[in-house]
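**Q** Predicted model and sequence follow; I will ask about them next.
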Amino acid sequence: MLTAVALYCLPVRAERVSLEAFAGHPENIPIAVTLFEPEWGSVMVETAPDNIIADDLAFCGRFAVTRSVRNDSALFARQMIWIAIEGGYTAPRDSIHIGCVIVATLDREVLHTAVLSGSLRDYRAICHRYSDMVYELLFQEKGMFRTRILFVRGRGLDSELWAMDYDGHGMSQVTATRSQALFPCFAGPERFLFISYARGKPDLFAGAFGSQATVAVAATRATESSPAWSDVEERVLFASSFTGNLELYTCNRDGSARRQLTFNQTVDTSPCFSPDGSHVAYISDRSGSPQLYVMDSDGTNNRRLTFEGGYQDSPAWSPRGDRIAFTSLRDGRFDIWTIQTDGRQLSRVTGTRDKNEYCAWVPTGTHIVFQSTLNGRTDLFAVQPDGGGLVQLTMCGDAKMPDWGPFPREPLFSENNRSPDDAP
């Protein structure tokens, strides 16, 4: 298990690096990351820690990252780079220790130091942890770099759930049902929900990461589809044909206390909770074509948000609560769009000629993951909500239906990592 054995910080006033003094561009901070040299006799890692950290900071879109072999203060001054990350690592056998320092490039003032240690097999996770530290120090917000993505990999009856790091690395198989798996979603950091044909029809199942055992949550004669989870309500939200046509229901994690939310003669499906659990976005064809609707989480106060496009699907509520991303078929193309929760400011996110669908938000609200046929097969991509910063995450093909997981529950700064000024 990843462990930070030491984290040394200057007093809290210096620890929280001043954006005004050192950055000047709060949403695009120039920062240098220099080469991390291994100590003599260390095991060489596949990707050096400095490359992972630089990739992290560049991915998030809030840094202008310069990679350098050394701290070149003259070069950095010309490029108006006032802070740099330096460090090194030692990797004796199966463990690794990474030392990281944030310095002011002009006068070499040390702004923050940290030493993180853990198993060598977890060295990427250790680097992501440090990137989260940098992000939180500068923005006083949680970073995205330790989050995971859950998705379906495979075709038809030969498809299982897989998980990977936010950047596409660390891919591992999660389920082994030997059947068709669909619609995965996180149910907290350690658990997940999905639809499985393990019993010959689409039923709702739950599982836990680290164990390939799964348990049925809703397995009746009906068709179950599109599960969602609210950490606030601690309830499962899903579509079911229990009464004949697809309607929306909620239940406890174990399937108990089922409650029907919609009562229509048409199809209601693809639900998702708002971040505070008070509202539900979903798709209904009650108007004649699948459109995006919002209602209170008890099923009342339904209202329609979209009035254009012949087909909408897979809504995902942004973590900030202000926008909903969804798939829309317009002009013969499937693309990802976003819309305000009041139905205003409709905006296209993807604009390629390929099929882009099934979207989910990173918990920071800065990126959307989706599946696309951009390169001729179905893979996962991430993009910023304004359509910028497109990054391909998988290259395996047959990767689809992603869900971006929540922040890890493990605290970034442990009790042993507090600076002196934070002591009671």
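**A** Good, I have the coordinates. Computed from a predicted structure; not experimentally measured. Numbering: from 1, shown residues only.
**Q** Give me the buried positions along stretch 152-169.
**A** 152-154, 159-168 (16 or more other CB atoms under 10 Å). In this view, the C-beta of every residue, glycine as well, is placed from N, C-alpha and C.
**Q** same question, stretch 51-64
**A** Under 16+ other CB under 10 Å, the buried positions of stretch 51-64 are 51-60, 62-64.
**Q** Quick check: which ranges of the chain have low pLDDT?
**A** 1-26, 411-424 (pLDDT under 70).
**Q** Let me see the domain layout of it.
**A** Annotated domains of the chain cover 3-144, 148-404 [automatic domain parsing].
**Q** Rebuild these as TSV, extending it with distance to E410.
**A** As requested, the domains of the chain are exported to TSV (distance: least, CB to CB, whole Å):
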stretch	distance to E410
domain 3-144	9
domain 148-404	9
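**Q** And the helices in the stretch 1-150 of the chain?
**A** Ranges of helices in the stretch 1-150 of the chain, per DSSP state H, counting those that start in this stretch, are 12-15, 19-22, 49-60, 73-78, 123-139.
**Q** just to revisit the earlier point, nearest to V391, of the buried residues of stretch 51-64?
**A** F59 (6.6 Å; CB to CB).
**Q** Kindly provide the distance from the closest one to S226.
**A** Distance of F59 to S226, computed by CB to CB, to the nearest Å: 29 Å.
**Q** and what of A208?
**A** For A208 relative to S226 (CB to CB), the value is 21 Å.
**Q** For those two, indicate the residue with more neighbours.
**A** S226 (25 against 15; other CB atoms under 10 Å).
**Q** Verify the stated contact: that one with P271.
**A** Yes. When contacts are counted by CB atoms under 8 Å, S226 is listed as touching P271 (6.4 Å).
**Q** quick one: common contacting residues for those two?
**A** 238-239 (CB atoms under 8 Å, 6 or more residues apart in numbering).
**Q** is it true that R148 touches Y166?
**A** Yes. R148 is within contact range of Y166, at 6.8 Å (criterion: CB under 8 Å).
**Q** just to revisit the earlier point, okay, the helices of the stretch 1-150 of the chain in TSV with distance to A281 next?
**A** Below are the helices of the stretch 1-150 of the chain laid out as TSV (distance: least, CB to CB, whole Å):
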stretch	distance to A281
helix 12-15	39
helix 19-22	34
helix 49-60	26
helix 73-78	46
helix 123-139	28
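**Q** Let me know which of those helices is the nearest to G387.
**A** Of the helices of the stretch 1-150 of the chain, nearest to G387 by CB to CB is helix 49-60, at 15.8 Å.
**Q** pretty sure N302 contacts Q291?
**A** No. Taking CB under 8 Å as the definition, N302 is not a contact partner of Q291, at 11.5 Å.
**Q** got the residue ranges for the strands in the stretch 101-250 of the chain?
**A** Secondary structure of the stretch 101-250 of the chain (DSSP state E, counting those that start in this stretch): strands at 110-119, 148-155, 158-165, 172-173, 181-186, 191-196, 203-208, 211-218, 224-230, 235-240, 247-251.
**Q** Mind giving me the packing neighbours of the fourth one?
**A** With contacts taken as 3 or more CB pairs under 8 Å, 6 or more residues apart in numbering; DSSP states H and E, strand 172-173 sits against strand 158-165.
**Q** Find residues that contact each of R148 and Y166.
**A** W404.
**Q** between N302 and Q291, who's got more neighbours?
**A** Neighbour count, other CB under 10 Å: between N302 and Q291, Q291 has more, with 22 against 17.
**Q** what residues are up against P402?
**A** Neighbours of P402 in contact, by CB under 8 Å, 6+ apart: 149-151, 358, 360, 369-371, 380.
**Q** Redo these as CSV? Include distance to L237.
**A** Output for these, formatted as CSV (distance: CB to CB, whole Å):
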residue, distance to L237
I149, 20
L150, 17
F151, 20
Y358, 17
A360, 15
V369, 20
F370, 21
Q371, 22
L380, 23
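**Q** Which two among the residues you listed are spaced furthest apart?
**A** Spanning the widest gap among the contacts of P402 are L150 and F370, at 13.8 Å by CB to CB.
**Q** quick one, which of those two is more surrounded?
**A** Neighbours per residue (other CB under 10 Å) separate L150 from F370, with F370 holding more: 26 against 22.
**Q** so the more buried one bridges to which residues?
**A** Beta-bridge partners for F370, by DSSP bridges, are F381.
**Q** same question, F326
**A** Bridge pairing for F326 - DSSP bridges - gives W337.
**Q** do you know how far it is from P408?
**A** For F326 relative to P408 (CB to CB), the value is 27 Å.
**Q** neighbour count winner among the two?
**A** F326 (29 against 18).
**Q** That one and S241, how far apart?
**A** Relative to S241, and taking CB to CB, F326 is found at 22 Å.
**Q** can you list the residues that contact stretch 322-342?
**A** By CB under 8 Å, 6+ apart, the residues outside stretch 322-342 that reach it are 274, 279, 281, 283, 292, 294, 305-306, 308-318, 321, 345-353, 355-361, 368, 370, 383, 385.
**Q** repeat that for 6 Å
**A** Stretch 322-342 is contacted by residues 281, 292, 305, 309-317, 346-350, 355-357, 359, 368, 370, 385 when judged by CB atoms under 6 Å, 6 or more residues apart in numbering.
**Q** now do stretch 150-157
**A** Taking CB under 6 Å, 6+ apart as the rule, stretch 150-157 contacts 159-160, 162-163, 179-181, 184, 192, 398-403.
**Q** Distance from that stretch to the middle of the chain?
**A** Per CA atoms, centre = their mean, to the nearest Å, the displacement of stretch 150-157 from the mean C-alpha position of its chain is 19 Å.
**Q** and what of stretch 96-103?
**A** Worked out by CA atoms, centre = their mean, stretch 96-103 lies 26 Å from the chain centre.
**Q** What distance do you get for the nearest residue to L35 once chain neighbours are set aside to E37?
**A** Counting by CB to CB, 6 or more residues apart in numbering, L35 lies nearest to V69, which is 4.9 Å off, once chain neighbours are set aside. Counting by CB to CB, the gap from V69 to E37 is 10 Å.
**Q** which of those two has more neighbours?
**A** More neighbours surround E37 than the other of V69 and E37, with 15 against 9 (other CB under 10 Å).
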